[in-house]
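Asks: only geometry, no sequence info:
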């Protein structure tokens, strides 16, 4: 499965590839388990974000900065930046931190904005790698007034359970230019998750 993103250089030992495979396996298995727990009601959205964040810290796998040549790398980058953005945003809402450490809260908000921008860049790189094939995007129904008519969903039809989100205007315009954005508002395929506060 992972052979397609193996870099073929004589000096790279095959064990390196096996280690990468194991890291990706762990990442996807952990994410699947957390999603299952969330939809069963065993964990809240806040707990989902925290568990996902702490697991990624333990994984010690940094995002791929220069080249996206596989779906796995692209979706890992998206999830990496998405979870860091959400975790930073969640911490910035902490009442104790707001009261006692306003400078830290300001930094957390800046961090969240940075991570969201990186997430959007990662989304575009992934979509370009996939040539926007079998991709569909549209605005989603949200309870949040701040996200109304701004949050859109990107469904990758060739990959079961893969759905991306953004509010980036430049990404939205690119999706329109590629002819994959539907000018309509739909219920999100993960409505229970996106409309739960954390």
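Replies: Perfect, thanks for sending it. Remember, it's a predicted structure, so these values are computed and weren't measured experimentally.

Asks: For stretch 102-114, buried residues please.
Replies: The neighbour-count check on stretch 102-114 (16 or more other CB atoms under 10 Å) flags 105, 108, 111, 112 as buried. Glycine gets a C-beta too; all of them are placed from N, C-alpha and C.

Asks: which regions of the protein sit below the pLDDT cut-off?
Replies: Where the chain drops to pLDDT under 70, the residues are 1-21.

Asks: so which strand or helix has the residue positioned nearest the centre of the chain?
Replies: Centroid-nearest residue in the chain: residue 79, 3.1 Å away (criterion: CA atoms, centre = their mean). Element membership for residue 79 (DSSP states H and E) is helix 71-92.

Asks: one step back: nearest to residue 149, of the buried residues of stretch 102-114?
Replies: Nearest to residue 149 out of the buried residues of stretch 102-114 is residue 112 (CB to CB; 21.2 Å).

Asks: Run through who's touching stretch 172-183.
Replies: With contacts defined as CB atoms under 8 Å, 6 or more residues apart in numbering, stretch 172-183 is touched by 124, 127, 132, 135, 136, 137, 138, 152, 154, 166.

Asks: and the chain, what are its domains?
Replies: 1-128, 130-198 (automatic domain parsing).

Asks: what's stretch 130-141 in contact with?
Replies: Under CB under 8 Å, 6+ apart, the answer for stretch 130-141 is 71, 74, 127, 149-158, 165, 175, 178, 180-188, 191, 194.

Asks: Going through those, which ones are buried?
Replies: Going by neighbour count (16+ other CB under 10 Å), these have 71, 74, 127, 150-156, 165, 175, 180-181, 188, 194 buried.

Asks: Quick check: closest non-adjacent residue to the residue nearest to the centre of the chain.
Replies: Ranked by CB to CB, 6 or more residues apart in numbering and with sequence neighbours excluded, the top spatial neighbour of residue 79 is residue 31, at 7.0 Å.
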